[in-house]
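**Q** let me see the structure of the following:
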Amino acid sequence: MERSGITRGLPIVSKLDEFNNTAYETQRIAGGAWYDYSGSAVNTLCLPHNPDVINEDLKKNPVYKDFLYGAEYQDNYFAENLNGNDVPCAVCRAKHSSSILMIPGKTTCSGSWKIEYNGRLASGHYYHHAGSQYVCMDMSPEVLEKGSTDYNGKLFVGVQAKCGSLSCPPFHDNVMVSCVVCSG
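**A** Predicted coordinates for the structure are as follows:
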């Protein structure tokens, strides 16, 4: 994968094929931003049950950050007795085609997946009014030449796990979330 733009922070969109063109990879935990934060990330993540933590981040608590929560069903619209229950998700891979997958909470890829890069989960700050998406910011992020003036614009901050609807363990409360981009 070639580097593009200012980082290799690519939003990953997953599409599940309900027919026979997918290979089931693993069941995961649906997660994302708090429903009422106006500036938090807008996309839903499919989180692993065994997240990796970057050791030096256990001691960090940056002022500017976003938070990651588990997903819950808000009512019984989809089926009876769902209200308040956590939402699972699945990662699937299309057979006979290339796939790119961003896995939040991991620093390595599993099985036949190849690591393209790993880093830290990023999004917009939860108090910002503009929506954003979670991206995997490379551990060695790049910058544009002559891009050091602070004009703001679209801003990225790190993302911390928040226990409650997000299970801890395996996640760690108020610890920044790692990520990896894999190809297969």
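
**Q** is the nearest residue to residue 162 once chain neighbours are set aside in a helix, a strand, or coil?
**A** Nearest-residue entry for residue 162: residue 67, 4.5 Å, with adjacent residues in sequence omitted and distances by CB to CB, 6 or more residues apart in numbering. For the C-beta atoms, the positions are set from N, CA and C on the backbone; glycine is no exception. Using DSSP: H, G, I helix; E, B strand; the rest coil, the three-state assignment for residue 67 comes out as strand.

**Q** what's across from residue 67 in the sheet?
**A** Per DSSP bridges, residues listed as beta-bridge partners of residue 67: residue 160.

**Q** tell me, how many residues neighbour it?
**A** Around residue 67 there are 18 other residues, counting by other CB atoms under 10 Å.

**Q** ok, it touching residue 40?
**A** Yes. Counting by CB atoms under 8 Å, residue 67 does reach residue 40; the two are 7.3 Å apart.

**Q** quick check: neighbours shared by the two?
**A** Taking CB atoms under 8 Å, 6 or more residues apart in numbering as the criterion, residue 67 and residue 40 both touch 33, 34, 126.

**Q** select only the buried ones of these in ChimeraX?
**A** Applying 16 or more other CB atoms under 10 Å to the shared contacts of residue 67 and residue 40, the buried members can be selected in ChimeraX as follows:
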select :33,126
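
**Q** would a markdown table of the shared contacts of residue 67 and residue 40 with secondary structure be doable?
**A** As requested, the shared contacts of residue 67 and residue 40 are exported to a markdown table (three-state DSSP):
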| residue | secondary structure |
| --- | --- |
| 33 | coil |
| 34 | coil |
| 126 | coil |
